[in-house]
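S.K.: got a sequence here, can you build the structure:
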Amino acid sequence: MAFLDFMAPPKHKPEMPAEKIDKEYKAMRWKVFIGIYLGYAAYYLVRKNLSFAGADMVSLGYIDKVGLGDAMAGMPIAYAVSKFLMGGLSDRSDARKFMTIGLILSALVMIVAGIIPYPKHIGTTTAILFVLTCLTGWFSGMGWPPCGRVMSHWFSTNERSFKMSVWNTAHNIGSSSMSWLAGIGGAVLVACGVSEAESWRGAFIVPSIAALAVAALCWWFIRDTPESCGLPSIDKYRNDFSGAKAKKGEEDKIPFKTLFVDYVLKNKMLWFIGLANILVYLVRYGISDWLPIYLLDEYGIEKAVSKNLYAYHMIAAIPGTLLAGWLSSKFFQGRCAPVNVICMLVTAVGAFIYWKAEALAAMLGVDPLTMITIALAITGFGVYGPVAMISIQAIAIVPKNAAGTAAGFMGLLGYLIGDAILSKIAFGRIVESGANGWELTSIGFFAASIVAALICFIAMGKEKKMFEERIAAAKAEQK
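M.R.: Down below sits the predicted model:
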């Protein structure tokens, strides 16, 4: 109870004089945006470390590919459940405290993962890593929900698609930075006297130390709501009432039962876009998390090159995500489904090239690595738009004081089913089962992209009707 009291949102302050509001609002919006951008990027410094340490751990006999897939699955399994439950808790908590504490705890667990002595026994090492990745996943679940809360309270619906797409590039910056920090970490440990064979531990330790530094910046920049800073609500400030409204009497706090049952579990639209999210996450993490081992197995490409290709994949996602948000705001009045269709068709093209890289390389007279690089750039450019847009859809469907819960529900479906069960556990067994295992996973990426595009196409009409009804209702109220 004392912890819940500590985490409770700060009380609303008396509204400041009208002449000060605009200047203060603009300054605070920049400040909180920078805080959640840096903070969310830092969460990705402590989530994918095992993907880069894993190839060395497999070659040294600590673990095999099935064990590695199972161990990596610990993070999305715990993260999926945590993001859903933490979403409800974050809707009733101070975003500043919530995000900072989660980042600190995640970083500390990854530091432990880097220093613990692992036995050269596959079952034991798998179990240890599974526990550690579960802990990291649980604490990482404290990252997205407070960001969703901040975005829904500080940025209105008709501007949120683009603003959130900009914010969503944070995980691409974090992921690409982590790939380079992982390499730096190995060099740092060798310089400190650690053997080259054990330098993979730096992939856990150095990015985690960087994340701890960013946590201090989160505490400095983030504030919970405009009202807690003596400012009016974002709806009033921006004169935008197109967002969903809470039921009468629930404007400040939605009861837990209503939050989970009425606003989420009974919401058919959330379930529908959640199905697309499962497929998007299958492609997103199936490609990125298995990339180092796939390149080593199929093409003999060493980890230094694969880290660079991973970074290119993540960097290509940045313009793709920004373009998706811009298209949504500029041409579709904040609606996301039309953009998701375009993005997933682009992703399907990249997935096809990824699948047929060797044949296409022979046809064009180029090196297969060239085709893989092109495929990674295209899939990164395409798939991360829907990663952002589906979350934006989710928080637009519900009232802003249920934003964390809706986002958490999307995470539950995407991470638990799309990432953990399909891209980690299932794909790990497919790859280990035979010579054509990697080809089967590539076919899976292509098929998932096509089906996700179809689902998003069907959702277009439902989303448009929902927006039109809300705007009409708001106009009627103002009369």
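S.K.: average pLDDT for stretch 403-422?
M.R.: On average, the pLDDT along stretch 403-422 is 83.
S.K.: oh, and call the first residue 33 from now on, that's how I've got it
M.R.: OK, 33 is where the count begins now, so the last one is stretch 435-454.
S.K.: show me where pLDDT drops low in this protein?
M.R.: The model of the chain has pLDDT under 70 over residues 33-36, 272-289, 335, 432-433, 466-467, 502-503, 505-511.
S.K.: let's see that with 80 instead.
M.R.: Applying pLDDT under 80 to the chain picks out residues 33-37, 115-116, 119-124, 189-193, 271-297, 333-339, 365-366, 427-440, 464-467, 494-511.
S.K.: tell me who's in contact with the residue nearest the centre of it.
M.R.: The centre of the chain sits closest to residue 203, judged by C-alpha atoms, centre = their mean, with a distance of 6.4 Å. Counting by C-beta atoms under 8 Å, 6 or more residues apart in numbering, residue 203 makes contact with 72-73, 75-76. Quick note: C-beta positions are derived from backbone N, CA and C, even for glycine.
S.K.: let's see it at 10 Å
M.R.: Counting by C-beta atoms under 10 Å, 6 or more residues apart in numbering, residue 203 makes contact with 72-73, 75-76, 79-80, 175-176, 210, 346, 349, 353, 416, 419-420.
S.K.: please apply the same query to residue 143.
M.R.: Residue 143 neighbours (C-beta under 10 Å, 6+ apart): 78, 233, 236-241, 243-244.
S.K.: same thing but 8 Å
M.R.: Contacts of residue 143 (C-beta under 8 Å, 6+ apart): 236-237, 240-241.
S.K.: would you list those in a markdown table and tack on secondary structure?
M.R.: What follows is the contacts of residue 143, written out as a markdown table (DSSP: H, G, I helix; E, B strand; the rest coil):
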| residue | secondary structure |
| --- | --- |
| 236 | helix |
| 237 | helix |
| 240 | helix |
| 241 | helix |
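S.K.: can you redo those as JSON lines with neighbour count and distance to residue 186?
M.R.: Listed next are these as JSON lines, based on neighbours: other C-beta atoms under 10 Å; distance: C-beta to C-beta, whole Å:
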{"residue": "236", "neighbour count": "26", "distance to residue 186": "34"}
{"residue": "237", "neighbour count": "22", "distance to residue 186": "34"}
{"residue": "240", "neighbour count": "26", "distance to residue 186": "29"}
{"residue": "241", "neighbour count": "16", "distance to residue 186": "30"}
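S.K.: from residue 104, how far off is residue 344?
M.R.: If you measure residue 344 against residue 104 using C-beta to C-beta, to the nearest Å, the figure is 21 Å.
S.K.: quick one: which of these two has more around it?
M.R.: The residue with more neighbours, out of residue 344 and residue 104, is residue 104; 26 against 16, by other C-beta atoms under 10 Å.
S.K.: residue ranges for the helices of the stretch 133-282 of the chain, please.
M.R.: Secondary structure of the stretch 133-282 of the chain (DSSP state H, counting those that start in this stretch): helices at 154-172, 176-186, 189-200, 202-223, 234-253, 266-270.
S.K.: picking that back up, what's the farthest-apart pair in the contacts of residue 143?
M.R.: 236 and 241 (10.1 Å; C-beta to C-beta).
S.K.: contacts only, for residue 462.
M.R.: 469, 472-473.
S.K.: output the contacting helices and strands for the lengthiest helix in the chain.
M.R.: The residue-count maximum for a helix in the chain (DSSP state H) belongs to helix 469-510. Other elements packing on helix 469-510 under the criterion 3 or more C-beta pairs under 8 Å, 6 or more residues apart in numbering; DSSP states H and E are helix 300-331, helix 369-387, helix 400-429, helix 459-465.
S.K.: relative to residue 164, which of those helices is closest?
M.R.: Per C-beta to C-beta, nearest to residue 164 of the helices and strands packed on helix 469-510: helix 300-331, 16.1 Å.
S.K.: could I get the helices and strands packed on helix 469-510 as CSV with distance to residue 216?
M.R.: Listed next are these as CSV, based on distance: least, C-beta to C-beta, whole Å:
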stretch, distance to residue 216
helix 300-331, 16
helix 369-387, 28
helix 400-429, 22
helix 459-465, 28
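S.K.: for residue 155, which of those helices is the nearest?
M.R.: The nearest among the helices and strands packed on helix 469-510, by C-beta to C-beta, is helix 459-465 at 14.9 Å.
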